[in-house]
Each structure stands twice: as C-alpha cells, then as structure tokens.
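**Q** Requesting a structural model of the entry that follows:
(2 chains)
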Number of protein chains: 2
Amino acid sequence: MKVLDSSALDALPSRYRAQFLNSISGIKSASLIGTISKEGQTNLAVFNSVIHLGSNPPLFGFTLRPTTVERHTYNNILSEKVFTINHIHQDIIAQSHQTSAKYDFHVSEFEAVGLTEEYLGSIAAPFVKESNVKIACKYLNDYVIEENQCRLVIGQISHVCFDESFQEDDGFVDLTKANSVGILGVDAYVQATMLDRFEYAKPDQPVSSKYGSQES
Amino acid sequence: MKVLDSSALDALPSRYRAQFLNSISGIKSASLIGTISKEGQTNLAVFNSVIHLGSNPPLFGFTLRPTTVERHTYNNILSEKVFTINHIHQDIIAQSHQTSAKYDFHVSEFEAVGLTEEYLGSIAAPFVKESNVKIACKYLNDYVIEENQCRLVIGQISHVCFDESFQEDDGFVDLTKANSVGILGVDAYVQATMLDRFEYAKPDQPVSSKYGSQES
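**A** Residues are numbered from 1 along each chain as shown, chains lettered A, B, ... in the order given. A predicted model of the protein is given here:
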C-alpha cells in the first residue's frame, strides 16, 4: 500500500489533490437541489453532500463550498427558506452532472439540461419530475466551518414523495430499487446493489441478516 | 407516488420513522473509525456519516448522535486527538456491522468482531488491517448542531494509505475497485458499480464522459 503523509499531501498539485481527497472519503449521496429566487427564477444543482442529521425532528443537511454555482442555491434558500432534494437515478446522471456547469443566474438549469420542473401544493421550490425520491425542506440554520469557511446548511423535512413499492415493513426505503445512484469524488456516478441488511447488533449475539442470506 | 407531509411524519412510530428517514437521505459512506483511550484500550465503530469537507487543508468530518456506543469514539478522540477512518469492503460487512453492538468500554471491538489492529509509525490510533483504504486524522474541532444536539466532528487528514492500482491519472481513486461499500439507512450495505465519470461541465458544451462510454 502507498502511504501519503501531510507533507506528501501538501506537495500534490491542487486539482490532483482535490480529486484524490474528494474520492477517498467514501461513497456519497447524489442529489439535485431545487430552489427558486424571489423573482421566480428556478435553479437546480447537483450535490454530493446531502446527509441525514436526525429523525426527530426530521433534519437533513448539506455542505456548501464558496463557489459561484452553489451560491445561487444558497442565496435562493436564504431568501425563500425552502428547497427540494431530488434523488439522481441511473437514467439522469448526465443531465444531473451538467447542472454543475456555471450557468448564468438567469438561466434555469432545468431547461438547460433537460429536466422537468414539478410543483407540489404550496411548496415554492421546484421538484424534479424525473426523480424517484423527492424531499422538501424548510431552511432552519447554517453553520460556518471555521477551519475552511465551508458551510453546513440545515433543513427540516416538510414533505417526502416516494414509491411505496421501494419500502419494507419496518419503514426502510430500499434505494437500490429506486435506482438511486451514488457519487464518487465530484464526477463519478455509481450504481448500488444490495449486499445485505442486518438486524440490530447485540454484544452477545452473532450478526444476523434481515434477509436470511448471511450469518456469521 | 406516496406523499408524506410533516403531520404524517410526526405520526409515524419512532423506530419506523428513524428507519424511513435514515434511508431516504441517499447512499452513505461506510467506515470503521478506530480510536484508542488514554489507558490504551482500542475501540472500533461503524459510521455512515464520514464526509469530505475540503481538500486544502484536507478536512473530513463525521456526525455523532448522543448514544453510548458513539461516545466511546468521541471520548477517545477528545482525549488522544487522533482517529483512523477505514473503508468497509464487501468481505467485512458482517464484522463491521457487529461493531455497532453496545460492547462494554473495556472490550475492544477489534477482538470482539474479528478484525485486526494495525499501527503505522507514531500514530496512536489503530487502523483496520483488512481495510483497502485507510486514513488517519488529527482532531481539530467539533460543532454542536443546536437543532438536535448532533455533533459534527472535524479532522485534518495526516496520512492516507491505499493501493495505487485503484488510482487514475488525475488523482481520482476508484472506490469500486477497492470494493468499498456504501450504507443505506443504518443497517443495509450496498456494492457500488461504476456507471460513468464525466468531464468538468461547461454551459456551452454537452456532457462528456471521461471514459468515452457515454455522450448526451
């Protein structure tokens, strides 16, 4: 195995280091975040940083770096206090990636990349019609990570839209059935295949599969 | 599609809601975090919340909920200021999941689940010998998410160990070649298969594959 220490990491060219470090954190979620400006201009941007923060209250978060593209999303969220999270599936990875291009603020990425706006009830922010799992969030707060000026945005889930056929009896939604993809680094898209689901682990019991396919 | 609003979410039984909301955030990273106490007691715990926060300086983060199991990890990190992140691959998912059992503090999960401690240079925290991608971090800071008392722990990467055969020319490490898995919800493990990697997107150009396999 190759070992890189801090000095070796520091010595890597900037883009190479970014590709390297972005890719080794592990598999990431692949979402399109939909927002709308005060003037009614819609925006859609691919994010690989949506995370679950809690279930009671239901909180999701995502991180923002200080780039032009992502600022459109952030400014709209601060202004309208609402955003949608739309899972990316295998058939829309190319269009989804294209939302990362630095389009002018007056261009809607929906139109530019060929995805379809969809609205639900009184929620101002647009959903992605093509998505299989869609979530609306109310903006709650954000935290600046002082170490690099990155920002963690916190939203409370107000609505979840999904196909019930993906859901198991205990509430779990199997995203492999929704064809939701993952992201490696900033530009690679991966398909997920279920290996196994395990029962709640206890110190005095062996691991046991929820699907009965594996024991140890 | 089924739509659940805030009232419907609030009405779900607690465990069902947790399974549901944990699973719909998207695919998550699958890591074992290795730590050591002041007294030399090692600890190993599965996490699905390791994220990349920045490349310069090289920062990773992970979230902690206030549970007993995770507090062992956090207390050790606060005390020794160091932790390791070890990718979970397909052959160790059962052992990795078993680290989530609430073992007594004086039991090392390494021994309890059958994974092997490995040490590198002067780094006090244990790595997982069986892992294909291993990262050492120095503790920098943590942030309390006031909305639910969740904690975001920030570490600076000091060392990265990986097989160079997984790496592409631009620095990207293909975790599908490392057999790194992802987590859905809190207990499902998924295999990742590469769909495509795209070039940096530009507004006036169509999406283009880095592998030449797809165009749009």
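
**Q** C-alpha from now on. contacts and neighbour counts both.
**A** Will do.

**Q** how far is the helix or strand of chain A with the lowest mean pLDDT from where the chain is centred?
**A** Ranked by mean pLDDT, DSSP states H and E, the helix or strand of chain A with the weakest confidence is helix A:68-80, at a mean of 86. Taking CA atoms, centre = their mean, to the nearest Å, one finds helix A:68-80 lying 16 Å from the centre of the chain it belongs to.

**Q** which helices and strands does the helix or strand following it pack with?
**A** Moving toward the C-terminus from helix A:68-80, the next helix or strand (DSSP states H and E) is strand A:82-87. The elements that strand A:82-87 packs onto, with contact taken as 3 or more CA pairs under 8 Å, 6 or more residues apart in numbering or on different chains; DSSP states H and E, are strand A:31-36, strand A:127-128, strand A:133-145.

**Q** Strand A:82-87 vs strand A:133-145, what angle?
**A** Using axes from the mean of the first three to the mean of the last three CA atoms, to 10 degrees, one finds that strand A:82-87 and strand A:133-145 are set 120 degrees apart in direction.

**Q** Which residues does the helix or strand that strand A:82-87 is followed by contact?
**A** Using DSSP H and E, the helix or strand that follows strand A:82-87 towards the C-terminus is helix A:93-98. Residues outside helix A:93-98 that contact it (CA atoms under 8 Å, 6 or more residues apart in numbering or on different chains): A:32, A:45-46, A:88, A:113-115, A:187, A:189, B:198, B:201-203, B:206-207, B:215-216.

**Q** Can you dump the C-alpha atoms of helix A:93-98 in PDB for me?
**A** Written as PDB, here are the backbone C-alpha positions of helix A:93-98 (Å, rounded to 0.1, in the frame of the first residue of the first chain):
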ATOM      1  CA  ILE A  93     -26.800  11.100 -14.400                       C
ATOM      2  CA  ALA A  94     -25.600  13.000 -17.500                       C
ATOM      3  CA  GLN A  95     -28.200  15.800 -17.200                       C
ATOM      4  CA  SER A  96     -27.700  15.900 -13.400                       C
ATOM      5  CA  HIS A  97     -23.900  16.300 -13.800                       C
ATOM      6  CA  GLN A  98     -24.500  19.100 -16.400                       C
END
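
**Q** May I see the buried residues of the helix or strand following it?
**A** Counting by DSSP H and E, the next helix or strand C-terminal to helix A:93-98 is helix A:109-113. Buried residues in helix A:109-113, counted by 16 or more other CA atoms under 10 Å in any protein chain shown: A:109-110, A:112-113.

**Q** try stretch A:71-87
**A** Applying a neighbour-count criterion of 16+ other CA under 10 Å, the buried positions in stretch A:71-87 are A:72-74, A:76-77, A:80-87.

**Q** try stretch A:143-162
**A** Neighbour counts using 16+ other CA under 10 Å place A:143, A:145, A:147-148, A:150-162 of stretch A:143-162 among the buried residues.

**Q** Can you sort out which of those also neighbour chain B?
**A** With the criterion set as CA under 8 Å from any CA of the partner chain, the members of the buried residues of stretch A:143-162 near chain B are A:148, A:150, A:157-162.

**Q** Dump the buried residues of helix A:109-113 to TSV, plus pLDDT and distance to residue B:25.
**A** Converted to TSV, those look like this (pLDDT from 0 to 100; distance: CA to CA, whole Å):
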residue	pLDDT	distance to residue B:25
A:109	97	22
A:110	98	22
A:112	97	26
A:113	98	24
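
**Q** where in chain A is pLDDT low?
**A** Within chain A, the stretches with pLDDT under 70 are A:67-70, A:213-216.

**Q** if you set the cut-off to 90 instead, what comes out?
**A** Scanning chain A for pLDDT under 90 picks out the ranges A:65-71, A:105, A:212-216.

**Q** Surely residue A:53 touches residue A:62?
**A** No: if you go by CA atoms under 8 Å, residue A:53 and residue A:62 don't touch, sitting 9.6 Å apart.

**Q** which of the two has more neighbours?
**A** Counted by other CA atoms under 10 Å in any protein chain shown, residue A:53 and residue A:62 do not tie: residue A:53 has more neighbours, with 29 against 18.

**Q** What residues does the residue nearest to residue A:201 when sequence neighbours are not counted make contact with?
**A** Of all residues not flanking residue A:201 in the chain, residue B:101 sits nearest, at 4.6 Å (CA to CA, 6 or more residues apart in numbering or on different chains). Residue B:101 makes contact with A:200-203, B:69, according to CA under 8 Å, 6+ apart.

**Q** Residue B:101 and residue B:95: what is the separation?
**A** 11 Å (CA to CA, to the nearest Å).

**Q** from the buried residues of stretch A:71-87, which two are the most distant?
**A** Maximum pairwise distance among the buried residues of stretch A:71-87 (CA to CA): 21.5 Å, between A:80 and A:87.

**Q** Sounds good, over and out.
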